[in-house]
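> generate a structure from the sequence data that follows.
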Amino acid sequence: VVWVSASVSSWGERTSWYHYIAAALLEIVAYIAVRVFLRPPVGRLVAALAAYSVLVRESCPTPQPTARGAERAIKLGHILDLFSFFQPFIRNRNMYYVDANILHHLTAPHRLSFAEVA
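Numbers count the residues shown, from 1 in each chain. Just a heads-up that it's a prediction; the model follows:
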(Lines give C-alpha, C1' and ligand atoms only; values in the text may rest on other atoms or scores of the structure.)
Protein backbone atom coordinates (compact mmCIF):
# COMPACT_ATOMS: atom_id res chain seq x y z
CA VAL A 1 0.00 0.00 0.00
CA VAL A 2 1.43 3.35 -1.02
CA TRP A 3 0.80 6.26 1.30
CA VAL A 4 1.67 9.84 0.47
CA SER A 5 2.11 11.65 3.75
CA ALA A 6 3.63 14.99 2.82
CA SER A 7 2.58 17.62 0.38
CA VAL A 8 6.18 18.80 -0.10
CA SER A 9 8.71 16.48 -1.73
CA SER A 10 12.24 15.96 -0.47
CA TRP A 11 13.58 18.50 -2.99
CA GLY A 12 11.35 21.22 -1.64
CA GLU A 13 8.95 21.23 -4.57
CA ARG A 14 5.24 20.98 -4.09
CA THR A 15 3.76 17.57 -4.94
CA SER A 16 1.25 17.97 -7.72
CA TRP A 17 -2.08 16.19 -8.05
CA TYR A 18 -0.82 13.70 -10.65
CA HIS A 19 1.53 12.18 -8.06
CA TYR A 20 -1.50 11.33 -5.95
CA ILE A 21 -3.30 9.86 -8.95
CA ALA A 22 -0.20 7.84 -9.90
CA ALA A 23 0.04 6.52 -6.33
CA ALA A 24 -3.66 5.58 -6.34
CA LEU A 25 -3.33 3.82 -9.70
CA LEU A 26 -0.28 1.96 -8.44
CA GLU A 27 -2.27 0.80 -5.41
CA ILE A 28 -5.09 -0.41 -7.64
CA VAL A 29 -2.72 -2.31 -9.93
CA ALA A 30 -0.94 -3.88 -6.95
CA TYR A 31 -4.27 -4.91 -5.39
CA ILE A 32 -5.47 -6.52 -8.63
CA ALA A 33 -2.15 -8.31 -9.14
CA VAL A 34 -2.25 -9.76 -5.63
CA ARG A 35 -5.88 -10.88 -6.02
CA VAL A 36 -5.18 -12.54 -9.37
CA PHE A 37 -2.01 -14.38 -8.33
CA LEU A 38 -3.20 -15.45 -4.87
CA ARG A 39 -6.64 -16.78 -5.78
CA PRO A 40 -7.25 -20.51 -5.39
CA PRO A 41 -6.28 -22.48 -8.47
CA VAL A 42 -9.16 -23.57 -10.66
CA GLY A 43 -7.85 -26.02 -13.16
CA ARG A 44 -7.41 -29.61 -14.11
CA LEU A 45 -7.23 -30.96 -10.55
CA VAL A 46 -10.47 -29.24 -9.56
CA ALA A 47 -12.19 -30.62 -12.66
CA ALA A 48 -10.81 -34.09 -11.95
CA LEU A 49 -12.06 -33.91 -8.34
CA ALA A 50 -15.53 -32.99 -9.56
CA ALA A 51 -15.55 -35.85 -12.09
CA TYR A 52 -14.31 -38.38 -9.53
CA SER A 53 -16.90 -37.15 -7.01
CA VAL A 54 -19.61 -37.97 -9.53
CA LEU A 55 -18.18 -41.47 -10.00
CA VAL A 56 -18.01 -42.04 -6.25
CA ARG A 57 -21.57 -40.76 -5.80
CA GLU A 58 -22.77 -43.23 -8.43
CA SER A 59 -21.17 -46.17 -6.63
CA CYS A 60 -22.22 -45.01 -3.14
CA PRO A 61 -25.08 -42.47 -3.33
CA THR A 62 -25.65 -42.21 0.44
CA PRO A 63 -22.42 -42.70 2.40
CA GLN A 64 -22.96 -43.72 6.01
CA PRO A 65 -20.60 -43.83 9.00
CA THR A 66 -19.26 -47.31 9.69
CA ALA A 67 -18.11 -48.75 12.99
CA ARG A 68 -14.44 -49.55 13.37
CA GLY A 69 -13.42 -52.95 12.12
CA ALA A 70 -13.08 -54.95 8.94
CA GLU A 71 -16.15 -53.32 7.32
CA ARG A 72 -14.43 -49.93 7.47
CA ALA A 73 -11.34 -51.01 5.54
CA ILE A 74 -10.56 -49.55 2.12
CA LYS A 75 -10.88 -52.10 -0.65
CA LEU A 76 -7.89 -52.57 -2.93
CA GLY A 77 -10.03 -51.83 -5.98
CA HIS A 78 -10.93 -48.38 -4.60
CA ILE A 79 -7.26 -47.56 -3.98
CA LEU A 80 -6.27 -48.66 -7.48
CA ASP A 81 -9.17 -46.71 -9.03
CA LEU A 82 -8.18 -43.59 -7.12
CA PHE A 83 -4.53 -43.97 -8.08
CA SER A 84 -5.22 -44.58 -11.77
CA PHE A 85 -7.69 -41.68 -11.97
CA PHE A 86 -5.36 -39.17 -10.29
CA GLN A 87 -2.03 -40.56 -11.59
CA PRO A 88 -1.25 -37.42 -13.69
CA PHE A 89 -1.49 -35.32 -10.51
CA ILE A 90 0.10 -37.74 -8.03
CA ARG A 91 3.16 -38.67 -10.13
CA ASN A 92 5.99 -39.39 -7.64
CA ARG A 93 4.42 -37.58 -4.69
CA ASN A 94 3.66 -39.18 -1.34
CA MET A 95 0.42 -39.72 0.57
CA TYR A 96 0.68 -36.31 2.25
CA TYR A 97 -0.06 -34.79 -1.16
CA VAL A 98 -2.85 -37.29 -1.87
CA ASP A 99 -4.49 -36.65 1.49
CA ALA A 100 -4.30 -32.85 1.42
CA ASN A 101 -5.12 -32.28 -2.23
CA ILE A 102 -7.39 -35.17 -3.18
CA LEU A 103 -8.85 -37.20 -0.30
CA HIS A 104 -9.68 -34.21 1.87
CA HIS A 105 -11.67 -32.58 -0.93
CA LEU A 106 -13.52 -35.79 -1.70
CA THR A 107 -14.50 -36.55 1.90
CA ALA A 108 -14.98 -33.08 3.44
CA PRO A 109 -18.61 -32.59 2.32
CA HIS A 110 -19.63 -35.87 4.00
CA ARG A 111 -17.33 -35.57 7.03
CA LEU A 112 -16.51 -39.25 6.63
CA SER A 113 -13.40 -41.23 5.76
CA PHE A 114 -12.57 -42.27 2.21
CA ALA A 115 -13.39 -45.86 3.13
CA GLU A 116 -16.93 -44.81 4.06
CA VAL A 117 -17.42 -42.52 1.06
CA ALA A 118 -16.04 -44.93 -1.55
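
> low-confidence stretches in the chain?
Scanning the chain for pLDDT under 70 picks out 1-15, 38-42.

> go again using 50 as the cut-off
Residues of the chain that meet the criterion pLDDT under 50 lie in 1-2.

> what's the burial count for residue 117?
Residue 117 has 21 neighbours, counted by other CB atoms under 10 Å. Bear in mind the C-beta positions are built from the backbone N, C-alpha and C, glycine included.

> surely it meets residue 55?
No. Taking contacts as CB atoms under 8 Å, residue 117 lies outside contact range of residue 55: 11.4 Å.

> hang on, residue 45 packs against residue 100?
No. Counting by CB under 8 Å, residue 45 does not reach residue 100; the two are 11.6 Å apart.

> compare the two (neighbour count), which wins?
Higher neighbour count among residue 45 and residue 100: residue 45, with 15 against 10, using other CB under 10 Å.

> do a quick rundown of the helices in the chain.
For the chain, the helices defined by DSSP state H cover 17-37, 44-59, 76-90, 95-98, 104-107, 114-117.

> and residue 65, which of those is closest to it?
If you check each of these against residue 65 by CB to CB, helix 114-117 wins as the nearest, at 6.1 Å.

> now do residue 72 against residue 81, distance only.
Applying CB to CB, to the nearest Å, the value for residue 72 to residue 81 is 18 Å.

> same deal with residue 45?
17 Å.

> do the same with residue 95
For residue 95, the distance to residue 81 (CB to CB) stands at 16 Å.

> more neighbours, those two?
Ranked by neighbour count (other CB under 10 Å), residue 95 and residue 81 place residue 81 first, with 16 against 10.

> for residue 75, see how far away the more buried one is.
9 Å.

> residue 37 now?
41 Å.

> what do you get for residue 85?
Per CB to CB, residue 85 is found 15 Å from residue 75.

> of these two, which one has the most company?
Shown here are residue 85 and residue 75; by other CB under 10 Å, residue 85 has more neighbours (16 against 10).

> that one against residue 48, yeah?
Yes. Under the criterion of CB under 8 Å, residue 85 makes contact with residue 48 at 7.1 Å.

> thank you kindly, that will do.
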